[in-house]
Every structure is written in C-alpha cells, then in structure tokens.
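**Q** sequence and predicted structure below; questions after.
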Amino acid sequence: MAYTGVTPSARSRGMVREARHLLLTVAPGATWIVIFLVLPSAYLMGVAFMTNGPYGLPEMPLSLESFRRLAGFGFLGWSPGNLYTLLRSLWQTLVSTGLVVIVAYPIAYYISTCRARWRPIMLLLVVVPSWTNQVIRTFGWMNLLAPGTPLSNLAEGLGFIAPNMGLYPSNFAVTLGLVYNFLPFMVLPLYAAFEKLDTAQVEAAQDLFASPVRAFWHAVFPQTLPGLLAGIVLVAIPAFGMYVIPELLGGGKGMMLGNLVANQFAGGANWPLGAAGAILMLIATFIGLFAMRRIGKRLGGGEEVVI
C-alpha cells in the first residue's frame, strides 16, 4: 500500500474541521426554518385537532370538529359556504395565474431581445412597483376602479357594469389585483429562461416552414418550461392563500381561503377552524408542487424539471 503521508489522526481532525464548518454554514438557515416554519406548522397542526373553547381559544379534548366545520357541517346541518370559498380560491388562482402567464411571456421575451444596457432598466421597471407596500398598491387600485373613475366609466359605457356601480368591489377587481401583484414573479424566471434560449432551434423551425404557434410550441416552450414552472409556483401558491387583495378589492364579495382563515383568528373567534384551514392550504401547496414536478417531467420529455 502506498504511503500517503497523512496520519489517521490528521485525517480525523480534518473531517472534524469540515463538519464544524458545515455546521456553522447550515445552522443559521436551519434554525430560521425550524423557528419560523416547522414550529408554527407543528403548532397549527396541534391546534387544528383541539376543541374550540368559549372564547375561540383551543382547549382539550382532541377533536375533529374543526375539520367538520371546515367541510361545512355545523349545528344546523351542512352548508356549502366554506366549499364555495375553497372553489372560489381555486378558480381565482387558476384564472390569475393563467392571465399572469399570458401577460408575462411577451414582456419577458421583449426584455430579453433589448440591448444589453437597457435590460437592467426594463427589469427594474417591472420590479419597482413591488417595492411599495402591498396595502398601499391595493388602495391605489381601489381609487382607480371606484365609481366615477375613467375605467369604471368606460366599463359602464360598454355595458359591462350597471350605472354608478364601479369596477370595485368585484371579483374582477380581485383578479386584476392578483395579476398586477404577482406579475414580476412570473416575468423574472421567464426572462432568465429566455436569456438561455437557443435561437438556432427557433431558426430551424422557421426554416422548416413552421407556423409561429408551432415554432413557439416546439422550439421556445420546451426551453422556457423551467422558468414557467418556477413562475407558476411563485404565483399560484401565494395567490391561493392571499388575504389583503380579496379583503380590500373584493369588499366581502370575493372571500378566499386566506380571508376565511384570518377571520377565524379575529372576529370569528375559532382558532381550531382557522388552523384547519391553514393546514388545508399547506396540503394544497404540497399537492401543487408535486403536480408541477410531474407535469414538468412529462412536458420535458421524461427529464425532471427542477422547480
């Protein structure tokens, strides 16, 4: 056996130093995740299986009553109210995410084709509005969509709304607010994908007389799929549990699951029911991530797409 010049004790000290360095590197992030993600989630899971007390606070014994209430079963039998809220949340999420994709694709492509010195400025214009507090931006949309504003007058003139009604509050206002709020989260990953676009494939598709739609589907879409899936995750997951935009722009007409959960910890005074709703959002998040990975693998030709 060749002599390496490294004694076992020196090798063990090196391994200890590497382990210590790895621990110091990982410990801050792991501590943050445990304190602000794992522990709150564990607390919510415990609260969800407890009984609602006289003042809305959880107490023993353990019970599944909160999940029965979430499913719509109450003192007077079954009510579809919570089911409607869940379906409305899913529908708003699907519609908003789809509209964000439609708007973000041409924006990301246009930015990627600009001169190199203009691209940071264009990206900055996309991102800068998100630097303002979400509540302030939502109040701005409330003023733009209120009765008597140019947008509301235009919609009234086209017959979309009744006279003096305005576009706010409405489900349309909620959808518009969600699209505006999450648009940067779709543009940025798509732009990163367009930056790596192999234009030779697009030129080959054009040389083979492919229509613009077929050229996009066969040459552009597969290359931008990782950015698209990342953007969908960044948009759909927070949109599903959004609270501020439905609360302000919906005006009580477009309650989503996030509003239902928040109300149980405030005016509704039912912490177990709110915790059960939060667990439902976590489950929906995991299902969405799993579905995105499967869809990405299928559309990516069997190769796993990292989200």
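**A** Arrived safely. Numbering: from 1, shown residues only.

**Q** for this protein, what spans make up the helices?
**A** 8-33, 39-48, 65-70, 81-113, 119-127, 134-145, 150-157, 171-195, 199-207, 212-215, 221-240, 244-249, 257-264, 271-299 (DSSP state H).

**Q** low pLDDT regions in the stretch 101-250 of the chain?
**A** Within the stretch 101-250 of the chain, no stretch has pLDDT under 70.

**Q** tell me the contacts of the nearest residue to residue 48 once chain neighbours are set aside?
**A** Nearest non-adjacent residue to residue 48, counting by C-beta to C-beta, 6 or more residues apart in numbering: residue 275, 3.9 Å away. To be clear about C-beta, it is placed using only N, CA and C from the backbone, and glycine gets the same treatment. With contact set as C-beta atoms under 8 Å, 6 or more residues apart in numbering, residue 275 has these partners: 44-45, 47-48, 58, 66.

**Q** what's the lowest-pLDDT member of those residues?
**A** Lowest in pLDDT among the contacts of residue 275 is residue 58, which has 84.

**Q** for residue 233, see how far away that residue is.
**A** 32 Å (C-beta to C-beta, to the nearest Å).

**Q** also residue 128?
**A** 23 Å.

**Q** neighbour-wise, which of the two wins?
**A** Between residue 128 and residue 233, counted using other C-beta atoms under 10 Å, the more crowded position is residue 233 (19 against 10).

**Q** give me the pLDDT for residue 286.
**A** 87.

**Q** tell me how many other residues surround it.
**A** Going by other C-beta under 10 Å, the residues that sit close to residue 286 add up to 9.

**Q** how about the contacts of residue 275 in JSON lines, adding distance to residue 256?
**A** Formatted as JSON lines, the contacts of residue 275 follow (distance: C-beta to C-beta, whole Å):
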{"residue": "44", "distance to residue 256": "18"}
{"residue": "45", "distance to residue 256": "22"}
{"residue": "47", "distance to residue 256": "21"}
{"residue": "48", "distance to residue 256": "19"}
{"residue": "58", "distance to residue 256": "24"}
{"residue": "66", "distance to residue 256": "19"}
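
**Q** tell me the buried residues within those.
**A** 44, 47-48, 58, 66 (16 or more other C-beta atoms under 10 Å).

**Q** any chance of those in CSV, with distance to residue 192 too?
**A** Formatted as CSV, the buried ones among the contacts of residue 275 follow (distance: C-beta to C-beta, whole Å):
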residue, distance to residue 192
44, 34
47, 39
48, 38
58, 44
66, 42
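
**Q** return the member of those nearest to residue 224.
**A** residue 44 (36.4 Å; C-beta to C-beta).
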